[in-house]
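Q: sequence-free structure coming up:
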C-alpha cells in the first residue's frame, strides 16, 4: 500500500514507526516528505497536507478524536461544541492533558481501534455521542449518519442489540429520512408528547419536512439553503398551495427549534388540541 493511503486510513496522521512496521522504508518516507505528499508533525509523525488541526492535536496528545468533534469533521449534523472531544486509550489516565477545552471519553466503544490512529471509527463516535449528548441531539446525529449513508439501519440495529443502553435508545428513535438536525429535534421532542411526526411526506408533488395526522404540515428551515431569496419564495409559494388544499402549515427555523422550543411546542400542541391535524 502507498504512503498516502496508509496515512489516510489512520485519519490523516501517522507515526513514522507505524509506517515502517507497514513496510514503508525511512528512505521512502523522506522521499514523500520532499515531494510534499506528506508533511512532518513534530519529530515522530507525518500528516497529509490539509489535515484538520484537531486531528493533529489529538495525535500529539496521544488520544483520538471522537463524539461531536469527529462527527463535525465527518460533516454529520451535531450540536456545536467548541471543546475537543477525544477518546483516551487504556492506561492513559496517569498523564492525561489538563485543559478546560478538552473532554475525555474513557469508555471503550464497540469497535476495536488500531494503535496510533488519531480518529475513532464511526460506530465509536456514535457510541460516545449517545452517552454524551441528550437523546434528541444524539438521534439527530444518528439520523444524519443514516441520511448521508455513512452507516445502514441494519448495522445500527445489530450494534444496538450488542451495546444496549442509550445507544439502543438513540437507534430506536432514529429515522434516516430527516434532511436536517432541526427536523429530527422537532420529531423526537414531539414524540415525548405521544405525537407522531411522519418525516418527508410528498404532498401535491412536493416533499414536506413533517406531517402530523392528516392535515398539519411542519416545515423546518435550515441555516443554509433558506438564505437564498429564490428558495425562500418557492417555499412560501408551496405553503400557499398547501393552504389552498386545506392544510395547516407551520414553518419554523432550525434555530427556533433549538432555542425557542417552548413557544413552538405550545403552538403545535395547541393546533392538535383544536383538531387542526385532522381537518
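A: Happy to help now that I have it. As the structure is a prediction and not an experimental result, all values here were calculated from the model.
Q: from here on, just use CA atoms for contacts and neighbour counts.
A: Fine.
Q: and the residue lying farthest from the centre of the chain, what helix or strand is that in?
A: Relative to the centre of the chain, and counting by C-alpha atoms, centre = their mean, the farthest-placed residue is residue 27 at 39.7 Å. Element membership for residue 27, per DSSP states H and E: helix 26-35.
Q: report the mean per-residue pLDDT for that helix.
A: The average pLDDT within helix 26-35 is 90.
Q: now the strands for the protein?
A: For the chain, the strands defined by DSSP state E occupy 13-15, 39-41, 45-47, 64-65, 84-87, 102-105, 197-203, 206-212, 216-221, 248-253.
Q: ok, the fifth one: who's next to it in the sheet?
A: Sheet partners assigned to strand 84-87 using DSSP bridges are listed as strand 64-65 (antiparallel), strand 102-105 (parallel).
Q: buried residues, stretch 37-46. List them.
A: The neighbour-count check on stretch 37-46 (16 or more other C-alpha atoms under 10 Å) flags 38-41, 45-46 as buried.
Q: and which of these is nearest to residue 15?
A: Closest approach between the buried residues of stretch 37-46 and residue 15, by C-alpha to C-alpha: residue 45, at 4.3 Å.
Q: quick one on the thing from earlier: so which of the strands paired with strand 84-87 is the most packed in?
A: Stretch with highest mean neighbour count among the strands paired with strand 84-87: strand 64-65 (a mean of 29; mean count of other C-alpha atoms under 10 Å).
Q: distance from that strand to the middle of the chain?
A: Relative to the centre of its chain, strand 64-65 is centred 15 Å away, using C-alpha atoms, centre = their mean, to the nearest Å.
Q: distance check, residue 59 against residue 91.
A: To residue 91, residue 59 is 16 Å away according to C-alpha to C-alpha, to the nearest Å.
Q: wait, I meant residue 139
A: On the measure of C-alpha to C-alpha, residue 139 and residue 91 end up 31 Å apart.
Q: more neighbours: those two, which one.
A: Ranked by neighbour count (other C-alpha atoms under 10 Å), residue 139 and residue 91 place residue 139 first, with 29 against 9.
Q: now do the same contact list for that one.
A: 130, 170-171, 173-174, 184-185, 188 (C-alpha atoms under 8 Å, 6 or more residues apart in numbering).
Q: looking at the residues you listed, which has the most residues close by?
A: In these, the most neighbours by other C-alpha under 10 Å go to residue 184, 33 neighbours.
Q: am I right that that one is in contact with residue 144?
A: No. With contact defined as C-alpha atoms under 8 Å, residue 184 does not reach residue 144; the gap is 9.1 Å.
Q: list residues touching both of the two?
A: Common contacts of residue 184 and residue 144 (C-alpha under 8 Å, 6+ apart): residue 178.
Q: from residue 241, how far off is the residue nearest to residue 182 when sequence neighbours are not counted?
A: Closest residue in space to residue 182, ignoring its immediate chain neighbours: residue 254 at 4.6 Å, by C-alpha to C-alpha, 6 or more residues apart in numbering. Distance, residue 254 to residue 241, using C-alpha to C-alpha: 23 Å.
Q: those two: which has the busier surroundings?
A: A direct count of neighbours by other C-alpha under 10 Å for residue 254 and residue 241 places residue 254 higher, at 21 against 13.
Q: can you tell me how far the more buried one sits from residue 218?
A: Distance of residue 254 to residue 218, given as C-alpha to C-alpha: 12 Å.
Q: gap between the longest helix anywhere in the chain and the chain center?
A: The residue-count maximum for a helix in the chain (DSSP state H) belongs to helix 229-244. The chain centre lies 29 Å from the centre of helix 229-244; the measure is C-alpha atoms, centre = their mean.
Q: now do stretch 15-25
A: With C-alpha atoms, centre = their mean, you get 32 Å for stretch 15-25.
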